[in-house]
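> what shape does this take:
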Amino acid sequence: MKYILVSGGVISGIGKGVIASSTGLLLKTIGLKVSAIKVDPYMNIDAGTMAPTEHGEVFVLDDGGEVDLDLGNYERYLNVTLSKDNNITTGKIYQHVIERERRGDYLGKTVQIVPHLTSAIQDWVERVARIPVDDTNEEPDVCIIELGGTVGDIESAPFIEAMRQLRRRVGKDNFLQIHVSLVPIVGGEQKTKPTQQAIRDVRFAGLSPDLIACRCSRALEKATTDKIAMFCQVEPEQVVGVHDVASTYHVPLLLEKQGLVSLMRDILKLDGISIPQSLIARGQDTWRQWRALTTSQERIFETVTIALVGKYVSLHDSYLSVIKSLEHSAMACRKKLNLVWVDSSHLEKATSTSNPELYHKAWHEVCTADGILVPGGFGHRGTEGMVAAANWARTKPKPYLGICLGMQIAVIEFARNVCGIADAGSIELDANTPDPVVKYMPEIDKVNLGGTMRLGLRPTIFQPDTEWSKLRSLYGLEHTSIDERHRHRYEVNPDYIDRLEKAGLNFIGKDDRGERMEIIELKNHPWYVGVQFHPEYLSRVLAPSKPYLGFVAASAGMLDEIVQQMRSQESELADGISRVAI
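A predicted model of the protein is given here:
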């Protein structure tokens with residue numbers, strides 16, 4: 001097993017996740033099997049109870065793990081399926097050690113940070129690194145470990161010490177460290193002092209970076225590279241520049257151009273790993289597709305404008321997977337994505353009085369967008385603005401996609417304005433609503449919040465006589481069920497289903513017991529779809545999420561073309577499987 005540690009210095013949010021994901025992708029292009037682990041030094045057990053505006057979105061895995069958003073990057077870039085154990089937090093590791101102490105596993109010893117906590121971290125990493133994460137169902141060859149925060153943070157100290165020990169435990173040929181640092185530009189000059197200090201800090205902590213990835217707004221000058229190499233005691237080729245590019249999908253191309261694969265081959269002795277020819281061919285094909293898709297974006301000028309009507313728009317990372325899913329779909333449609341951020345509370349009538357400029361600006365953005373997206377969220381704030389946006393999309397008609405809360409909003413809007421249920425609402429938004437068309441799921445814990453929602457991968461069954469569905473045609477009419485990831489506490493109230501359906505709201509997808517509403521869709525509308533699950537969690541760069549792809553395609557006026565394209569690809573795949581079988 002080979003390990004690659006990606007650490008960071010100078011500032012947080014420097015791009016370690018994208019660099020870690022890009023490194024893993026490059027390893028996969030040469031046929032290696034790659035896994036990834038994210039270390040988050042906060043005390044929370046997981047990210048589930050953290051506000052999106054505090055730490056960005058909560059990413060949900062197949063097993064229901066609520067984890068850091070960087071695991072979404074790993075899955076999207078590496079096309080792997082990770083588990084909640086691939087996200088280590090201080091809270092998790094302390095809980096693990098304390099539970100062992102309570103059981104008497106330490107045989108009466110005084111339990112300390114070193115060696116007990118640091119050994120537990122290493123054992124955790126070595127165990128999880130070997131778990132299969134792709135369709136080969138084989139042990140990975142390489143594990144990327146991203147250390148959150150910056151070296152020098154007090155909460156990171158036990159993990160840094162554990163990584164120092166892990167390097168000794170696994171041997172120098174099996175461990176490589178990439179340290180990501182910042183090269184700011186002051187007065188037009190690239191400054192190297194922050195990187196020099198960052199490398200001193202990480203070496204003082206006991207680690208010795210093999211590669212230095214320098215983030216800068218523009219390409220590193222040769223003089224800058226030489227200066228960093230000299231003062232940080234590495235060779236110039238060990239200093240890798242990661243400057244600002246058109247999109248994060250260009251970062252792997254940037255790293256590959258600078259010879260990162262060759263450097264990793266030499267340091268980790270990767271040529272000693274036996275790689276099946278089939279995986280080498282698959283890796284080469286993935287790289288061809290990746291290069292073609294990302295470079296083609298530079299020659300595309302037609303845009304598709306999507307209005308994201310949400311309540312956490314002050315921090316765009318709150319909707320990171322949504323953004324990435326829209327990007328994947330726009331690339332597949334050969335369009336440039338123009339994402340317009342609309343605070344849903346600005347669409348409400350109260351804002352028209354208190355701040356008419358914001359009100360009219362928000363409505364202008366909604367009315368001029370090609371499509372309207374209402375994503376997930378919690379709480380009452382801004383939900384009436386979402387209802388108004390859903391009404392606009394339904395009546396104009398304008399392509400609409402509602403995710404989780406966005407689907408519930410569409411149901412509330414339809415109940416009020418089509419079914420005539422004027423007081424229709426959600427228990428979440430108003431506990432005393434006389435017509436709760438959305439209610440609390442009966443099995444959900446109302447006291448303990450962490451990990452108690454309906455979480456993880458669950459089946460959705462397409463209902464009979466739904467062959468007309470635009471969404472189902474993208475999944476493939478031959479598929480009677482799909483598996484998607486969920487994260488919610490509320491559901492459409494079964495008591496109102498008959499009334500809603502008779503008025504024309506089609507519940508085309510339900511859970512495997514036929515009791516929980518999973519997908520809504522309107523007939524005779526360009527695209528009006530709501531899903532209770534979160535399809536953005538399974539979207540991949542080379543395989544966009546179907547609900548997002550259909551939504552973007554409809555917004556771009558090319559849904560029929562994309563559906564035909566999907567059917568052609570499925571036919572080619574089926575023919576290929578038949579030939580292999582013969």
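> not counting sequence-adjacent ones, nearest residue to Ala129?
Excluding the flanking residues, the one nearest Ala129 by CB to CB, 6 or more residues apart in numbering is Cys143, at 3.6 Å. Backbone N, C-alpha and C define where each C-beta goes, glycine included.
> typo on my end, it should be Leu337
Leu337's closest residue in space is Ala330 (CB to CB, 6+ apart), at 3.9 Å.
> what packs against the one helix or strand that neighbour maps to?
Counting by DSSP states H and E, the element that carries Ala330 is helix 320-332. Secondary-structure packing of helix 320-332 (3 or more CB pairs under 8 Å, 6 or more residues apart in numbering; DSSP states H and E): helix 70-78, helix 277-296, strand 303-310, strand 336-343, helix 546-555.
> which helices and strands does the third one pack with?
Pointing back at strand 303-310 there. Using 3+ CB pairs under 8 Å, 6+ apart: strand 303-310 touches helix 320-332, strand 336-343, helix 356-368, strand 371-374, helix 383-395, helix 546-555.
> equivalent analysis for the last one, please.
Contact analysis of helix 546-555 by 3+ CB pairs under 8 Å, 6+ apart lists strand 303-310, helix 320-332, strand 371-374, strand 400-403, helix 470-475, strand 528-531, helix 559-581 as its packing neighbours.
> what's the model's confidence in that helix, averaged?
Mean pLDDT, helix 546-555: 97.
> what is the neighbour count of Ile14?
18 (other CB atoms under 10 Å).
> distance of it from Ile280?
For Ile14, the distance to Ile280 equals 33 Å [CB to CB, to the nearest Å].
> Val58 and Met50, how far apart?
With CB to CB as the criterion, Val58 and Met50 are 7 Å apart.
> about what we covered before: tell me the most buried of the helices and strands packed on helix 546-555?
Of all those, strand 400-403 has the most neighbours on average by mean count of other CB atoms under 10 Å, namely a mean of 30.
> send me it as CSV with only the CA atoms.
Only the C-alpha atoms of strand 400-403 are listed here, as CSV (Å, rounded to 0.1, in the frame of the first residue of the first chain):
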residue,chain,number,x,y,z
TYR,A,400,-37.8,23.7,-12.7
LEU,A,401,-35.9,21.3,-10.5
GLY,A,402,-36.6,20.9,-6.8
ILE,A,403,-34.3,18.9,-4.6
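> circling back to that earlier point, show me the contacts for the residue nearest to Ala129.
Met1, Lys2, Tyr3, Ile4, Val34, Ser35, Ala36, Ile37, Val125, Val128, Ala129 (CB atoms under 8 Å, 6 or more residues apart in numbering).
> let's see if you can find the most crowded of those residues.
Counting by other CB under 10 Å, top hit in the contacts of Cys143: Ala36 with 31 neighbours.
> tell me which stretches of the stretch 401-550 of the chain form helices.
405-417, 470-475, 497-502, 546-555 (DSSP state H, counting those that start in this stretch).
> tell me which of those helices sits most buried.
Mean neighbours per residue, mean count of other CB under 10 Å, is largest over these for helix 546-555, with a mean of 28.
> what comes into contact with that one?
Here helix 546-555 has contacts from 304-306, 325-326, 328-330, 332-333, 335, 337, 369-371, 373, 399-401, 403, 470-471, 474-475, 526-527, 529, 531, 535-536, 539, 559, 561-563, using CB under 8 Å, 6+ apart.
> please repeat the previous calculation with a cut-off of 7 Å.
For helix 546-555, the surrounding residues in contact (CB atoms under 7 Å, 6 or more residues apart in numbering) are 304, 306, 325-326, 329-330, 332-333, 370-371, 399, 401, 470-471, 474-475, 526-527, 529, 531, 535-536, 539, 559, 562.
> outline the domain layout of this structure.
Here the domain assignment for the chain is 2-293, 301-569, based on automatic domain parsing.
> nearest spatial neighbour of the residue nearest the centre of the chain, chain-adjacent residues omitted?
Nearest to the geometric centre of the chain sits Gly72, at 3.1 Å (CA atoms, centre = their mean). Of all residues not flanking Gly72 in the chain, Phe59 sits nearest, at 4.2 Å (CB to CB, 6+ apart).
> and that neighbour, what pLDDT?
On the pLDDT scale, Phe59 is placed at 94.
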